[in-house]
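S.K.: take this sequence and fold it.
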Amino acid sequence: MLCLQETKKEMVDRTVCQALWGDSKVKWAANPAVNSAGGTNLKMKIPSKVAHFVWRLVRDRLSTRANLRRRNVQLDDYHCPFCSSHEEEASHIFFGCQRI
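M.R.: As a prediction, the model looks like this:
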């Protein structure tokens with residue numbers, strides 16, 4: 001099950017879900033939030049490793065070359081390994097690279 005805050009829902013919509021794990025029958029369940037921030041928690045039944053990956057993707061916590069650069073990790077090249085025209089970021093790899 002994947003829980004997202006309402007503020008993150010627009011980042012992970014049905015199209016993204018289908019692209020990540022190929023299920024066209026994704027169901028959103030809205031439940032009132034129990035925290036002080038308010039909003040709505042969205043829940044989906046998916047494997048925990050997929051939920052963890054999506055959480056890291058939405059939070060920009062994947063070990064992309066751009067994130068490694070921000071953490072002062074020295075690499076020979078920070079560009080996308082597929083197209084070499086953009087810096088390797090999660091948004092480019094998953095949604096913008098024309099060579100994937």
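S.K.: and R56, how many residues sit next to it?
M.R.: 13 (other Cβ atoms under 10 Å). (Each C-beta comes from the backbone N, C-alpha and C, glycine too.)
S.K.: for the one 10 residues further on, same thing?
M.R.: Applying other Cβ under 10 Å, we find 20 other residues in the vicinity of A66.
S.K.: okay, strands next: where are they in this protein?
M.R.: In the chain, the segments counted as strands under DSSP state E are 2-5, 29-32, 40-44.
S.K.: what's the neighbour count on F53?
M.R.: 17.
S.K.: just name the shakiest helix or strand of the protein by mean pLDDT.
M.R.: Among the helices and strands of the chain, helix 6-9 carries the lowest confidence by mean pLDDT, DSSP states H and E, at a mean of 49.
S.K.: so what does the lengthiest helix in the chain touch, helix or strand wise?
M.R.: Using DSSP state H, we find that the single longest helix of the chain is helix 48-58. The contact analysis (3 or more Cβ pairs under 8 Å, 6 or more residues apart in numbering; DSSP states H and E) places helix 48-58 against strand 2-5, helix 14-21.
S.K.: tell me which residues in that helix are buried?
M.R.: Of all the residues in helix 48-58, those buried under the rule 16 or more other Cβ atoms under 10 Å are 51, 53-54, 57-58.
S.K.: same question for that helix, mean pLDDT?
M.R.: Mean per-residue pLDDT for helix 48-58: 88.
S.K.: cool, and stretch 76-88?
M.R.: So the average pLDDT for stretch 76-88 ends up being 94.
S.K.: got it, and stretch 66-73?
M.R.: Stretch 66-73 carries an average pLDDT of 94.
S.K.: list the contacts of that stretch.
M.R.: Stretch 66-73 has contacts (Cβ atoms under 8 Å, 6 or more residues apart in numbering) with 60-61, 75, 78, 87-89.
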